[in-house]
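In: here is my input; please provide its structure:
(one chain, ligands or ions: 1)
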Amino acid sequence: MFTRYDCFRHWEIFIITKTNIMQSIKNFSSLFLLLLSISAFSQKKALKPDPKVEALKTAVIKSIDGKSKMAQEMVDQVFSFSELGFQEIETSAYLTGILEKNGFAIERGIGGIPTAWMAKWGNGKPVIALGSDIDGIPKASQKPGVAYKEPIVEGAPGHGEGHNSGLPLLILSVLEVKKIMEEQKMPGTLVMWPGVAEELVGTKAWYVRDGYFKNVDACIFTHVGNNLGVSWGDAGNNGLVSVEFTFEGSSAHSAGAPWRGKSALDAVELMDIAWNFKREHLKPTQRSHYVITDGGDQPNVVPSKASVWYYLRERTYEDIKAMYDEALLYANSVAAMTGTKVSHRLLGTAWPGAFNKPIAESVYKNIQTVGLPVWDSADQQFARAVQKLVNAPKKTPRGEPIDGLSKKLDTLAGPVQFSMGGGSDDIADIAWNVPTVVLRYPSNIPGNPGHNWADAIAMATPIAHKGVVAGSKVVAATLLDMLTNPKIITDAWDYHKNVQTKETKYVSFVQPNDPPAIHLNKKIMDEYRPLLKKYYYDPTKYKTYLEQLGITYPQLQKKAF
Ligand SMILES: [Zn+2]
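Out: Numbers count the residues shown, from 1 in each chain. Below is the predicted model:
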C-alpha cells in the first residue's frame, strides 16, 4: 500500500515546467501567481483557503451553471431507460459513451458484472473515485411532472428512487474539472464508477473484494435527496445480508399420493413462520423481510423446489452475522423437519454506513457556497400537489416542516447518537475501505414514501435538473479542493485509520467464491425493455422528456381528451 501522506509529490514538479507556464499564461494572466501560491500552499500545508483556488472554484461553479441543458438531457435520458439492477444495459452504454467521448478510458464488465464499469482519466495522485447508483425500482414506472399516478408502461420498472440523476451529476462535474486540470496541468486521476444493482445491494462489496478500490485515495458518492447535505460518522442506518434459501424435496400427485411428496414449499412456509416468531426476540433495530421467489408450479403437484429470499438488517456487523447464523440454523432445521435439502446463496450485502469527517467538512463548505437551487412557483406548486397526493407527513423525523421543496440548507450532521435502524446502502462497504462521503442533492420532493412510483414523479422535471446542477457544483468545487490541498486527503486517512476503523475492522460477508447475482431482474427487463423502448427520450426531437410525453409542467390534473 502506498503512503497516503506522500500523495502529492508530483505537484511541485508540475508547477515549474515551462510548457505549463506558457500554456497557462494564454489561459489565465494570473496563473503564474496562482501556481506559486499553490506551491507555497502545498509546502506549508496552509490552513486558509487559497484565493486562487477559490477563484478556480468560482469559475467552475459558473461554468456548470452554463451546462444545465446537458444536465437535463442526461437525467431525462437515464430516467427513460428505467432499468433494474444488474440489467442497466442501455444506461451503462449511454453513460460510458459520454465519458469515452470525453477521453476517459473505460474498463467494462468489472468484477464479472456485465453492466459495471470503471472510467479513468488523468495521471498520478490523488486518485479520486466518483460514484452513484444507476438502477431502478420494480413496478415504479411513472410519468414525470404530473401530480397523479400514471405509469409510462403499466407494471414496468421506473426510477422510483431517483437513481437516474447521480451519475449525470458527476459527469457534469468531472468534465468541467477535467478542463481545469488540463489547463493547469494539474496531476490527479478521476475514476468514475456506477453503483450497479444498489437496490439489491449487489455489487459494491464485490468491487471491494475484487480490489477495484485498493489504489483509491478518496471517494465522493452522490445520492438523491431533498436537500443539499452531507454527514460524517455513523449514519444510523443498517447493514444487511441478502440471502436466498432454496429447498428441494420431491414431487407427487397432490391428491393421488400426497404422502409420497416432500414439499419444498412447506419448508419455505415453516421457515417464514419460524422467523416471524423469532422477531419478538430480536432487537428493535433489526429489519427483516422476505419474498417467496419460487413457491412451486401448480397446486396439484407437490412442490419439489421452492425458494425464499430474505433481507436481514441490523446496526452492527456482529448483529447482522448473528441474524445470518440464526437464519441458516432455521433453514437447516425446517429442511430436517420436511425431509428436504436446503442450499443458500448470498445475493447482496452492505455494512452499516460510516463516513469520513475531513472530506464531509470540505464538502459542506462548498455546499454553503453553492446553496439550494432557486425553486420557482411551478416547482413549489408541483411539490405541494405531490405531497398532498402521497399524504406526506407534515414534519420530518427531525421535526422540521414538510411543505413544498426545501428552502433551508441542512446542517453538517455528525454521528447519530441513537438510531432505531432503517435502510441500507452498500456504499458503506467502500466507506469502510476508503475515506468516503455521500453528497445528497435536492432532486426529489420531501415526504415521499421511498421505493415507490411517487418517488419517480419529480425525477425528470426541473426539480431534478436543478438539484443535479447544484450537486454538481459542490462536487466540482470539492474536487478542486482535493486536487490542490493534500491536507484534505491526509486528514481523511488519519480519520479513517485512527478513528473510523480503529476498533471496528471491516469483515466482508462476501466470500472469495461468491459470484455477483447477475441473473437477477433479467426476466423482468426482457419483458419490459421492448415496451419501454418506445418511450426512450429522444433529445434530437424534443427539448425535454416532459415535452416528448406531452406534459405541461406542472400538470396537476389529467388532461381531458
Ligand atoms: Zn438509493
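In: helices or strands up against the helix or strand in which residue 221 is found?
Out: Assigned by DSSP states H and E, residue 221 belongs to strand 218-225. The helices and strands touching strand 218-225, judged by 3 or more C-beta pairs under 8 Å, 6 or more residues apart in numbering; DSSP states H and E, are strand 127-133, helix 166-184, helix 357-370, helix 427-431, strand 436-442, helix 462-484, helix 486-495. In short, each C-beta sits where N, CA and C put it, glycine included.
In: give me the most central residue, the chain.
Out: In the chain, the centroid-proximal residue (C-alpha atoms, centre = their mean) is residue 133; its distance is 3.4 Å.
In: per-residue pLDDT, that residue?
Out: Residue 133 carries a pLDDT score of 98 in this model.
In: quick one, what contacts it?
Out: Under the criterion of C-beta atoms under 8 Å, 6 or more residues apart in numbering, the contact partners of residue 133 comprise 161, 163, 166, 194, 195, 196, 198, 199, 223.
In: that older thread, reformat the helices and strands packed on strand 218-225 as JSON lines; add distance to residue 145.
Out: Listed next are the helices and strands packed on strand 218-225 as JSON lines, based on distance: least, C-beta to C-beta, whole Å:
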{"stretch": "strand 127-133", "distance to residue 145": "23"}
{"stretch": "helix 166-184", "distance to residue 145": "18"}
{"stretch": "helix 357-370", "distance to residue 145": "25"}
{"stretch": "helix 427-431", "distance to residue 145": "29"}
{"stretch": "strand 436-442", "distance to residue 145": "17"}
{"stretch": "helix 462-484", "distance to residue 145": "9"}
{"stretch": "helix 486-495", "distance to residue 145": "39"}
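In: which one of the ones you listed lies nearest to residue 79?
Out: Each of these has some distance to residue 79 by C-beta to C-beta; the shortest is helix 462-484, at 7.9 Å.
In: quick one: the strands in the stretch 1-150 of the chain?
Out: Counting by DSSP state E, counting those that start in this stretch, the stretch 1-150 of the chain has these strands, from start to end: 105-108, 117-123, 127-133.
In: with distance to residue 284 added, can I get those in CSV?
Out: Shown next, in CSV, are these (distance: least, C-beta to C-beta, whole Å):
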stretch, distance to residue 284
strand 105-108, 43
strand 117-123, 40
strand 127-133, 28
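In: mean neighbour count, those strands: which tops it?
Out: Comparing the strands of the stretch 1-150 of the chain on average neighbours per residue, with mean count of other C-beta atoms under 10 Å, the densest one is strand 127-133 at a mean of 26.
In: sheet partners, orientation included, of that strand?
Out: strand 188-195 (parallel), strand 218-225 (parallel) (DSSP bridges).
In: want to throw these into TSV with mean pLDDT, distance to residue 370 and mean neighbour count?
Out: Below are the strands paired with strand 127-133 laid out as TSV (pLDDT from 0 to 100; distance: least, C-beta to C-beta, whole Å; neighbours: other C-beta atoms under 10 Å):
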stretch	mean pLDDT	distance to residue 370	mean neighbour count
strand 188-195	98	20	25
strand 218-225	98	13	25
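In: find the nearest non-adjacent residue to residue 452, please.
Out: Ranked by C-beta to C-beta, 6 or more residues apart in numbering and with sequence neighbours excluded, the top spatial neighbour of residue 452 is residue 160, at 5.3 Å.
In: sec struct for the residue of the chain positioned farthest from its centre, please.
Out: Farthest-out residue of the chain from its mean C-alpha position, per C-alpha atoms, centre = their mean: residue 256, at 52.2 Å. Under DSSP: H, G, I helix; E, B strand; the rest coil, the three-state class of residue 256 is coil.
In: who does the residue nearest to the centre of the chain form a beta bridge with?
Out: Going by DSSP bridges, residue 133 is paired in beta bridges with residue 195.
In: for residue 550, grab phi and psi.
Out: Per-residue torsions, residue 550: phi 70, psi 30 (degrees, to the nearest 10).
In: let me know the pLDDT of it.
Out: Residue 550 is assigned a predicted lDDT (pLDDT) of 96.
In: residues near it, how many?
Out: The number of residues packed around residue 550, counting by other C-beta atoms under 10 Å, is 10.
In: relative to residue 143, how far out is it?
Out: 10 Å (C-beta to C-beta, to the nearest Å).
In: listing partners with orientation, what would you give for the strand or helix carrying residue 312?
Out: Secondary structure assigned from DSSP H and E places residue 312 in strand 305-314. Strand 305-314 has these partner strands in its sheet, going by DSSP bridges: strand 239-248 (antiparallel), strand 287-294 (antiparallel).
In: distance between that strand and the chain's centre?
Out: Average the C-alpha atoms of strand 305-314, do the same for its chain, and the two points are 23 Å apart (C-alpha atoms, centre = their mean, to the nearest Å).
In: list the buried residues of it.
Out: Residues of strand 305-314 classed as buried by neighbour count (16 or more other C-beta atoms under 10 Å): 305, 306, 307, 308, 309, 310, 311, 312, 313, 314.
In: give the contact list for the fourth one.
Out: Residues in contact with residue 308 (C-beta under 8 Å, 6+ apart) are 244, 245, 268, 271, 272, 290, 291, 292, 293.
In: buried ones among those?
Out: Neighbour counting with 16+ other C-beta under 10 Å marks 244, 245, 268, 271, 272, 290 as buried within those.
In: looks to me like the third one is in a helix.
Out: Looking back up the chat, that one is residue 268. Yes: looking at residue 268 with three-state DSSP, it is inside a helix.
In: does it touch residue 292 like I think?
Out: Yes: under the criterion of C-beta atoms under 8 Å, residue 268 lies in contact with residue 292, with a separation of 5.9 Å.
In: among the buried ones among the contacts of residue 308, which pair sits farthest apart?
Out: Comparing every pair within the buried ones among the contacts of residue 308 by C-beta to C-beta identifies 244 and 272 as the most remote, at 13.3 Å.
In: which element, helix or strand, includes residue 207?
Out: helix 204-209.
In: could you pull up the mean pLDDT of that helix?
Out: 98.
In: and the next element down the chain from the strand holding residue 221?
Out: strand 233-234.
In: quick one: strands adjacent to that following strand?
Out: Strand 233-234 pairs in its sheet with strand 354-355 (antiparallel), by DSSP bridges.
In: contacts for the partner strand, please.
Out: The list of residues contacting strand 354-355 from outside it, by C-beta under 8 Å, 6+ apart, reads 230-235, 415, 428, 431-432, 436-438, 500, 504.
In: closest one of those residues to residue 461?
Out: For the contacts of strand 354-355, the residue nearest residue 461 by C-beta to C-beta is residue 438; the value is 23.1 Å.
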